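Chemist: Below is the structure, and that's it, no one-letter string:
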């Protein structure tokens, strides 16, 4: 499970590749991440200073999930937050 941490890691694409590598065939992974615009708004108010190179939008995240070898089983989104259940492409 990945809960709101990828947007803090500039090498988040490599993280997804590694998750796919270690997951069992047909295994599932759950993740929840905010869109880049939501993170930028938080940074305006809270000054958390997220690394800009780590931010992504929904399409970029979904494209990378597919490129890493995941199939999107379920997606739920509300106000810039996206939750996923993905399955390793066996």
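Modeler: Looks like it arrived, so ask away. Every value quoted in this text rests on a predicted model; they were computed, and no experiment measured them. Numbering: from 1, shown residues only.

Chemist: mind listing the helices for this structure?
Modeler: 12-22, 36-46, 58-67 (DSSP state H).

Chemist: comparing these, which gets the lowest mean pLDDT score?
Modeler: Mean pLDDT values for the helices of the chain show the minimum at helix 36-46, a mean of 91.

Chemist: my guess is residue 33 contacts residue 8, does it?
Modeler: No: assessed by CB atoms under 8 Å, residue 33 is found out of contact with residue 8, at 10.1 Å. Every C-beta, even on glycine, is put in place using the N, C-alpha and C of the backbone.

Chemist: hmm, back to that, is it possible to export the helices of the chain to CSV including distance to residue 29?
Modeler: Output for these, formatted as CSV (distance: least, CB to CB, whole Å):
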stretch, distance to residue 29
helix 12-22, 6
helix 36-46, 21
helix 58-67, 9
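
Chemist: okay, residue 33 and residue 8: which has more neighbours?
Modeler: Comparing residue 33 with residue 8 by neighbour count (other CB atoms under 10 Å), the higher total belongs to residue 33, at 23 against 13.

Chemist: Pull up the per-residue confidence for the more buried one.
Modeler: Taking residue 33 on its own, its pLDDT is 96.

Chemist: what does residue 79 give?
Modeler: 86.

Chemist: Any figure for the gap between it and residue 34?
Modeler: 9 Å (CB to CB, to the nearest Å).

Chemist: Please say which of these two ends up with more neighbours.
Modeler: Using other CB under 10 Å as the criterion, residue 79 and residue 34 rank with residue 34 on top: 21 against 7.

Chemist: what's across from the more buried one in the sheet?
Modeler: residue 81 (DSSP bridges).

Chemist: number of nearby residues for residue 76?
Modeler: For residue 76, the neighbour count with other CB under 10 Å is 10.

Chemist: How about the contacts made by it?
Modeler: 82, 83, 84 (CB atoms under 8 Å, 6 or more residues apart in numbering).
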